[in-house]
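Enquirer: show me the folded form of this:
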Amino acid sequence: MQAVLPRIDRSVVDEVLVVDGGSTDGSIEFAKSLGFDVYVQKKKGLLAGFEEGMAAAKGDILIIFTPDNNMIPEKIPALVEKMKEGYDMVTVSRFLDGAKSLDDNTVTAFGNWFFTKLVRVLFGSNCTDSMGFYRAMRRDLMKELGLSMTRATPLNIEIRCAKKGLKVCEIPGDEPPRIGGNSSRYIIWNGLVVLSTILWEFVKRR
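Expert: Numbers count the residues shown, from 1 in each chain. Below you'll find the model as predicted:
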């Protein structure tokens, strides 16, 4: 947080809402010292934090952001500008126009490629990064798509936006190595969840 949050350009956003999961390391005090609002989540877990934070945010455009260095805060202005062009969702793609993920290993890199390829073939999407969490979206998009926050949500959003023909696009952006915390991904389990999501959405069609 100390390395990443001060780099957020406050001039292009109306609110920075820090969601705290019950920390005791001074995170809340540090966020408040930067003038950021703090919301202490009621349920445990990363996904609950995302969901509660999105509900508590006041803006018309929501940007999901994690301060572990995987997401570059300097991309926020470009996300905001693209959303102002009338897009329903804009994704920072780790694989567009030479961008790359430095946090992937061989297995996760293959999974990202494979699942994105499936989404493109089965649903006619033009996405290059179906699994990325770094996105800006209309605040009512999740409700419109009938989605709640799960580990497959980024991919599920791509699929349902493609089904509905919504206006989406990507901008390129690297994913630097993580500098704080540990990944909570369970690769095999997450892969099965994602694959079952794709197959279910394909069978369901609408």
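Enquirer: my read: Val38 touches Ser23, true?
Expert: No: counting by C-beta atoms under 8 Å, Val38 stays clear of Ser23, with 10.1 Å between them. The C-beta positions use only the backbone N, C-alpha and C, and glycine is treated the same way.
Enquirer: mind listing what's buried in the one helix or strand in the chain whose mean pLDDT sits lowest?
Expert: Counting by mean pLDDT, DSSP states H and E, the chain has its least confident helix or strand at helix 187-204, which shows a mean of 88. Buried residues in helix 187-204, counting neighbours by 16 or more other C-beta atoms under 10 Å, are found at 190-191, 194-195, 197-198, 201.
Enquirer: check stretch 153-169 too.
Expert: Applying 16+ other C-beta under 10 Å to stretch 153-169 flags 153-163, 166, 168-169 as buried.
Enquirer: go on, stretch 73-83?
Expert: Within stretch 73-83, judged by 16+ other C-beta under 10 Å, the buried ones are 73, 75-76, 78-80, 82-83.
Enquirer: would JSON lines of the residues you listed with secondary structure and distance to Arg120 be doable?
Expert: Shown next, in JSON lines, are the buried residues of stretch 73-83 (DSSP: H, G, I helix; E, B strand; the rest coil; distance: C-beta to C-beta, whole Å):
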{"residue": "Pro73", "secondary structure": "helix", "distance to Arg120": "29"}
{"residue": "Lys75", "secondary structure": "helix", "distance to Arg120": "23"}
{"residue": "Ile76", "secondary structure": "helix", "distance to Arg120": "27"}
{"residue": "Ala78", "secondary structure": "helix", "distance to Arg120": "23"}
{"residue": "Leu79", "secondary structure": "helix", "distance to Arg120": "22"}
{"residue": "Val80", "secondary structure": "helix", "distance to Arg120": "27"}
{"residue": "Lys82", "secondary structure": "helix", "distance to Arg120": "21"}
{"residue": "Met83", "secondary structure": "helix", "distance to Arg120": "23"}
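Enquirer: and which of these is nearest to Gly98?
Expert: Comparing the buried residues of stretch 73-83 against Gly98 with C-beta to C-beta picks out Lys75 as the nearest, at 14.7 Å.
Enquirer: identify the residues contacting the closest residue to that closest one other than its chain neighbours.
Expert: Setting aside the residues directly before and after it, Lys75 is nearest to Gly173 in space (C-beta to C-beta, 6 or more residues apart in numbering), at 4.7 Å. By C-beta atoms under 8 Å, 6 or more residues apart in numbering, the contact list for Gly173 reads 72, 75, 92-94, 99, 134.
Enquirer: take these and keep only those in strands.
Expert: 92-93 (DSSP state E).
Enquirer: can you pick the most crowded of the contacts of Gly173?
Expert: Greatest neighbour count in the contacts of Gly173, by other C-beta atoms under 10 Å, goes to Val92: 26 neighbours.
Enquirer: quick check: that residue touching Arg135?
Expert: Yes: assessed by C-beta under 8 Å, Val92 is found in contact with Arg135 at 7.1 Å.
Enquirer: pull up the overlap in contacts between these two.
Expert: Leu79.
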